[in-house]
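Chemist: Whatever this is, show me its structure:
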Amino acid sequence: MAKRRSRKKPGSSKLQDNINLVLTKGWWIIGGFALLIVFKMFIFNENGVFELLRLRKEVEATNARIEELEIQNAELEMLQDRLLSDPEYLEKLARERFRMAKPGEKVFQVYFDTKK
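Modeler: Model prediction:
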């Protein structure tokens, strides 16, 4: 095959080439700014990537707190069952916490002098 030679159109000048070059660069600049705007919208927007990451951390922390509360709830339910079913344990707590006594018993409080 024979090589094609690029021919300039009649009336084409160096000025026209410069104008075409500037327009091409201008479109690249406009495209770059458009990409920057889109990038900013996806990354820094209120619904962007940073907000998504923050919400994921918040969900993980909330799930961890839920697990802690479920464990605490199970312990409290066991304590409630023990209080309702074990009269000796209930009596022990009443004596220790509320200084209660059976009829005829005396409750003594012992105070230690911590200052010397």
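
Chemist: who's in contact with stretch 104-116?
Modeler: Identification of contacts with stretch 104-116 by C-beta atoms under 8 Å, 6 or more residues apart in numbering yields 99, 100, 101. Heads up, the C-betas are built off the backbone N, CA and C, glycines and all.

Chemist: Can you tell me which of those are buried?
Modeler: Among the contacts of stretch 104-116, none scores as buried (criterion: 16 or more other C-beta atoms under 10 Å).

Chemist: Can you lay out those as a markdown table showing secondary structure and distance to residue 71?
Modeler: Listed next are those as a markdown table, based on DSSP: H, G, I helix; E, B strand; the rest coil; distance: C-beta to C-beta, whole Å:
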| residue | secondary structure | distance to residue 71 |
| --- | --- | --- |
| 99 | coil | 32 |
| 100 | coil | 31 |
| 101 | coil | 36 |
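
Chemist: what's the helix or strand for residue 38?
Modeler: Under the criterion of DSSP states H and E, residue 38 resides in helix 14-44.

Chemist: helices and strands around that helix, which ones?
Modeler: Under the contact definition 3 or more C-beta pairs under 8 Å, 6 or more residues apart in numbering; DSSP states H and E, helix 14-44 sits against helix 49-85.

Chemist: Give me the average confidence score over the helix it packs on.
Modeler: Throughout helix 49-85, pLDDT has a mean value of 95.

Chemist: Now the helix or strand following that helix: buried residues?
Modeler: Next along the chain after helix 49-85, taking DSSP H and E as the criterion, comes helix 87-98. For helix 87-98, the neighbour count (16+ other C-beta under 10 Å) marks no residue as buried.

Chemist: got the angle for helix 87-98 vs helix 49-85?
Modeler: Between helix 87-98 and helix 49-85, the angle comes out at 110 degrees (axes from the mean of the first three to the mean of the last three C-alpha atoms, to 10 degrees).

Chemist: Which other helices and strands does helix 87-98 contact?
Modeler: Under the contact rule (3+ C-beta pairs under 8 Å, 6+ apart), helix 87-98 is packed against helix 49-85.
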